[in-house]
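K.L.:
Can you look at this prediction? I've put the sequence above it.
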Amino acid sequence: MSHFSEFEVIPAVDVQDGEVVQLVGGERGTGKRYGDPVAAAERWVDAGAETLHLVDLDGAFEGERVNAAAIEAVVEAVGGDDEDGVGLQLGGGIRAAEGARELLDLGLDRVILGTAAVETPEIVAEIDETHPGSVVVSLDAKDGEVVVSGWTEGTGLDPAEAAARYEELGAGAILFTNVDVEGQLEGIDREAVASVVDAVEVPVIASGGVASVDDVVALKAAGAAAVVVGTALYEGEFTLREAQAAADDV
């Protein structure tokens, strides 16, 4: 199970109605479909991925895990502790400590909490007690503030301050997504990422808006431990190996 000892480019496998999709700007119904989740996961592992970022999109919007069967099939296919197994992190619809523990016991390495962590921060500490370091708190920023509930509600929280608060509660990593640019291949907001990185000691995984290999390199330079890439990989803007190689050269 990797803790990002070296910078990683992480492919996203976002699942809606049992299929891989990529949303634009976090808007439901904007997605382009890319087929079977297990096939996508296996393709990224074959291309050299060491970690996969799984998202149950229906779960994120409905507040419960809708694509459990599809996600479990991915865990079975590419997860596990043998040398072939890759690191797996899952977000979307995880709202309680008990559900998170079940997923971790199933074979996931990390669970990603978004809305739940903002609404009931103690969940982070509860999960950390039994599965240390396995909670990734997802902070989505729009116009410089943290937003929740499928990106529809503002919280007034500054992302860097929020990150520091969750680190204290036991978050093993922060996933920082700039929703303004997500899925649009318009490039990243490097300063926003750097301010979150400066606020915490734990790894910061950056996500949203990555359009080019240069964006990947810039996020590494901003201090991110890893970057999640979705649309750009699925659309063939660059390959996983190209991005990882460019980052390794920095």
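P.N.:
Received it, and whenever you're ready, just let me know what you need.
K.L.:
Find the centremost residue of this structure, please.
P.N.:
residue 53 (5.2 Å; C-alpha atoms, centre = their mean).
K.L.:
Return the helix or strand where that residue lies as PDB; C-alpha atoms alone will do.
P.N.:
Of the helices and strands defined by DSSP states H and E, residue 53 is found in strand 51-56. Taking Å, rounded to 0.1, in the frame of the first residue of the first chain, the C-alpha atoms of strand 51-56 are listed here in PDB:
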ATOM      1  CA  THR A  51      -2.900   3.800  -7.100                       C
ATOM      2  CA  LEU A  52      -6.400   4.200  -8.500                       C
ATOM      3  CA  HIS A  53      -8.900   6.800  -7.500                       C
ATOM      4  CA  LEU A  54     -12.400   5.300  -7.400                       C
ATOM      5  CA  VAL A  55     -15.500   7.500  -7.100                       C
ATOM      6  CA  ASP A  56     -19.100   6.300  -6.700                       C
END
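K.L.:
Show me what secondary structure element comes after the lowest-mean-pLDDT helix or strand in the chain.
P.N.:
Considering only helices and strands, the least confidently modelled element of the chain by mean pLDDT, DSSP states H and E is strand 153-154, at a mean of 68. For strand 153-154, the succeeding helix or strand toward the C-terminus, using DSSP H and E, is helix 159-169.
K.L.:
Other residues contacting that following helix?
P.N.:
Helix 159-169 is touched from outside by 117-118, 121-122, 124-125, 128, 137, 139, 141, 144-146, 155, 174, 176, 192, 195-196, 198-202, 204, with contacts defined as C-beta atoms under 8 Å, 6 or more residues apart in numbering. (C-beta placed from N, C-alpha, C; glycine too.)
K.L.:
Filter those residues down to the buried ones.
P.N.:
The neighbour-count test (16 or more other C-beta atoms under 10 Å) marks 117-118, 121, 124, 128, 137, 139, 141, 146, 174, 176, 192, 195-196, 199-200, 202, 204 as buried among the contacts of helix 159-169.
K.L.:
Just to be sure, which of the residues you listed are found in helices?
P.N.:
With helices taken from DSSP state H, the overlap with the buried ones among the contacts of helix 159-169 comprises 117, 118, 124, 128, 192, 195, 196, 199.
K.L.:
now for those, which pair is the farthest apart?
P.N.:
Taking C-beta to C-beta as the measure, those span a maximum distance of 25.9 Å, between 128 and 192.
K.L.:
Tell me where this protein is predicted with low confidence.
P.N.:
Counting by pLDDT under 70, the low-confidence segments of the chain come to 1-3, 24-26, 63-64, 81-84, 149-154, 180-187.
K.L.:
Show me where it has its helices.
P.N.:
Counting by DSSP H, one finds helices in the chain at the ranges 37-46, 57-62, 68-78, 97-106, 115-119, 122-130, 159-169, 190-199, 213-221, 231-234, 240-248.
K.L.:
Comparing these, which comes out most buried?
P.N.:
Looking across the helices of the chain with neighbours counted as mean count of other C-beta atoms under 10 Å, the highest average goes to helix 231-234: a mean of 22.
K.L.:
if we can go back for a sec, out of the helices of the chain, nearest to residue 8?
P.N.:
helix 240-248 (7.6 Å).
K.L.:
on contacts alone, who are the packing partners of that closest one?
P.N.:
In terms of contacts (3 or more C-beta pairs under 8 Å, 6 or more residues apart in numbering; DSSP states H and E), helix 240-248 is packed against strand 8-16, helix 213-221.
K.L.:
got the contact list for the last one?
P.N.:
Right, the one you point to is helix 213-221. Contacts with helix 213-221, where a contact means C-beta under 8 Å, 6+ apart, come from 7, 9, 187-188, 190, 193, 206, 209-210, 227, 229, 238, 242-243, 246-247, 250.
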